[in-house]
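make a model of this:
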Amino acid sequence: MKTELKYGVIFAVVVIVYVMIEHFLGFNTTRHDIGQYSRLAGVLVPIIGIFVGIKAKRKELNGNLTFGQGVKTGFLIALIQTTITTLWFWFYGTVVNPQFMGTMLEFERSKMLAAGTDARAVRATIDRMKTLYSFPFLQLAQEIAGILYGTIFAMIFSAFLRKKRTEQTT
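Predicted structure coming up:
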């Protein structure tokens, strides 16, 4: 199995398992006060996947990884992982937890009201959030953002993990 496919799939599965753990702990249903933070921690999973995948590619190439090879590897891992998880999040939000958006928006509304935000401003903010988080906009934005930030991290990691080939004398 190609390194990129392997790590793209592995870390997509890790994201899916992570989301289901959050779900069963109530972080995406009734405990949005914790979920607002645990969802941020979940962003680290794809970043770790790109790093581990590029390191594996370097090992596969006997330590001779160029910057371009590293970026290509990280980009492909991000593309595969993001595509799988984007489809997963659509499935999660429509089948597994169709109440997610409603309960999350209600949590945000309650936070704003408790902070003393004007009811009209709260309503406007919630309406913007509904538009932002609507299907297919959210899924498309999630796909593009995942690939973009994955590529940026691939560039950073490749700069540190690359090793130029040494010329051999015969």
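
in what helix or strand does the residue nearest to Thr125 when sequence neighbours are not counted lie?
Among residues not flanking Thr125 along the chain, Met112 sits closest, at 6.5 Å (C-beta to C-beta, 6 or more residues apart in numbering). C-beta: built from backbone N, CA, C; applies to glycine. Per DSSP states H and E, Met112 falls inside helix 100-114.

now swap in Val15 and tell me
Assigned by DSSP H and E, Val15 falls in helix 3-24.

all strands of this structure, in order?
Ranges of strands in the chain, per DSSP state E: none exist.

in it, where is pLDDT below threshold?
Applying pLDDT under 70 to the chain flags the ranges 1, 135, 164-170.

now the helices for it?
3-24, 32-41, 44-60, 67-91, 100-114, 119-132, 137-161 (DSSP state H).

now do the first one: distance to the chain's middle.
Relative to the chain's own centre, helix 3-24 is displaced by 10 Å; criterion: C-alpha atoms, centre = their mean, to the nearest Å.

same thing with the shortest one?
Taking C-alpha atoms, centre = their mean, one finds helix 32-41 lying 14 Å from the centre of the chain it belongs to.

cool, the fifth one as well?
On the basis of C-alpha atoms, centre = their mean, the separation between the geometric centre of helix 100-114 and that of its chain is 23 Å.

CA atoms of it as PDB?
Extracted C-alpha coordinates of helix 100-114, given in PDB (Å, rounded to 0.1, in the frame of the first residue of the first chain):
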ATOM      1  CA  PHE A 100     -25.700  18.300  16.500                       C
ATOM      2  CA  MET A 101     -26.200  21.600  14.700                       C
ATOM      3  CA  GLY A 102     -29.300  22.500  16.700                       C
ATOM      4  CA  THR A 103     -27.800  21.700  20.100                       C
ATOM      5  CA  MET A 104     -24.500  23.500  19.300                       C
ATOM      6  CA  LEU A 105     -26.300  26.600  18.100                       C
ATOM      7  CA  GLU A 106     -28.400  26.600  21.200                       C
ATOM      8  CA  PHE A 107     -25.300  26.300  23.400                       C
ATOM      9  CA  GLU A 108     -23.800  29.300  21.500                       C
ATOM     10  CA  ARG A 109     -27.000  31.300  21.900                       C
ATOM     11  CA  SER A 110     -27.100  30.600  25.600                       C
ATOM     12  CA  LYS A 111     -23.400  31.700  26.000                       C
ATOM     13  CA  MET A 112     -24.000  34.900  24.200                       C
ATOM     14  CA  LEU A 113     -27.200  35.700  26.200                       C
ATOM     15  CA  ALA A 114     -25.400  34.900  29.500                       C
END
